[in-house]
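**Q** what shape does this take:
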Amino acid sequence: MNNAPQYTQKWFEQAYLAVRPKLRAFIRSVIFSAEDSEDVLQEVAAIAWEKIEKLRSKEQFQPWLFGIAKNRVMKYCTKISKQRSRSLSPEAMEALWSERAVSVEVSQESLLDALQNCLSKLSAENQSILLERHQPSVTNRMIAEKHGFSESKTSRLINTLYADLMKCIHNIQENS
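**A** Predicted structure coming up:
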């Protein structure tokens, strides 16, 4: 006699939808791009449904799902790192994951949505500058040379952009 729980599509959908906000916040805490994080979120759902029979108990659904998410995000980060020819060791990635898992809260999802909204209000060039600044090994000097600015002007611009983003996020939070 098989004691493994039976999982229906309806149960899966309800359980997944209940966990989805936390899962999205977890993924977005690592993947800056909203589009890429949504792609990873969809991959996690597809993999989870495909492998649902491996879940030992319904009570373990959330940790199991976060394990799948962790693996998919690590795969995404590895792919991006290879594209940039710089990679963290598996031990470093594991340490980062431990910290992320502890610190991610559902309320961060609204912050991430507000950040995405505020970023979309910036000019394409300013968005590009901020995205460049968050790439591994990219310095203000490199950005300055690329955009034809002085290094001090680049530093002031980045600081101003961060301050503008913080004000925008604060305004969105106050108005919601």
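**Q** packing partners of the lengthiest helix in the chain?
**A** The helix that spans the most residues within the chain, counting by DSSP state H, is helix 151-175. Other elements packing on helix 151-175 under the criterion 3 or more Cβ pairs under 8 Å, 6 or more residues apart in numbering; DSSP states H and E are helix 107-120, helix 124-133, helix 140-147. Just so you know, the C-beta spots here come from the backbone N, C-alpha and C atoms, and that holds for glycine as well.
**Q** give me the angle between the first one and helix 124-133.
**A** Between the axes of helix 107-120 and helix 124-133, defined by axes from the mean of the first three to the mean of the last three Cα atoms, to 10 degrees, the angle is 130 degrees.
**Q** and the last one, by the same measure?
**A** For helix 140-147 and helix 124-133, the angle between their directions (the same axes, to 10 degrees) works out to 150 degrees.
**Q** can you pull the domain assignment for this protein?
**A** Structural domains annotated on the chain: 1-104, 106-176, as defined by automatic domain parsing.
**Q** of those, which shows the lowest average pLDDT?
**A** When these are compared by mean pLDDT, domain 1-104 comes last with a mean of 79.
**Q** how close does the residue positioned nearest the centre of the chain get to Asn126?
**A** Among the residues of the chain, the one closest to the centroid is Arg28, at 2.1 Å (Cα atoms, centre = their mean). From Arg28 across to Asn126, the span is 21 Å (Cβ to Cβ, to the nearest Å).
**Q** so what's Lys51 up against?
**A** Contact analysis of Lys51 by Cβ atoms under 8 Å, 6 or more residues apart in numbering lists Ile68.
**Q** can you check Asn126 too?
**A** Taking Cβ under 8 Å, 6+ apart as the definition of contact, the neighbours of Asn126 are 157, 161.
**Q** can we see that at 10 Å?
**A** Asn126 makes contact with 119, 157-158, 160-161, 164-165, according to Cβ atoms under 10 Å, 6 or more residues apart in numbering.
**Q** restricted to buried residues, select those residues in PyMOL.
**A** The buried subset of these, as determined by 16 or more other Cβ atoms under 10 Å, is captured in PyMOL by this line:
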select buried, resi 119+157+158+161+165
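**Q** return the closest of the contacts of Asn126 with respect to Lys70.
**A** Minimum distance to Lys70 across those is 25.2 Å, recorded for Leu119 (Cβ to Cβ).
**Q** quick one: contacts for that closest one?
**A** Counting by Cβ under 10 Å, 6+ apart, Leu119 makes contact with 32, 34, 126-127, 130-131, 161, 165, 168-169.
**Q** export the residues you listed to JSON lines and append columns for distance to Asn140.
**A** Listed next are those as JSON lines, based on distance: Cβ to Cβ, whole Å:
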{"residue": "Phe32", "distance to Asn140": "18"}
{"residue": "Ala34", "distance to Asn140": "25"}
{"residue": "Asn126", "distance to Asn140": "14"}
{"residue": "Gln127", "distance to Asn140": "17"}
{"residue": "Leu130", "distance to Asn140": "12"}
{"residue": "Leu131", "distance to Asn140": "14"}
{"residue": "Leu161", "distance to Asn140": "12"}
{"residue": "Leu165", "distance to Asn140": "17"}
{"residue": "Cys168", "distance to Asn140": "22"}
{"residue": "Ile169", "distance to Asn140": "23"}
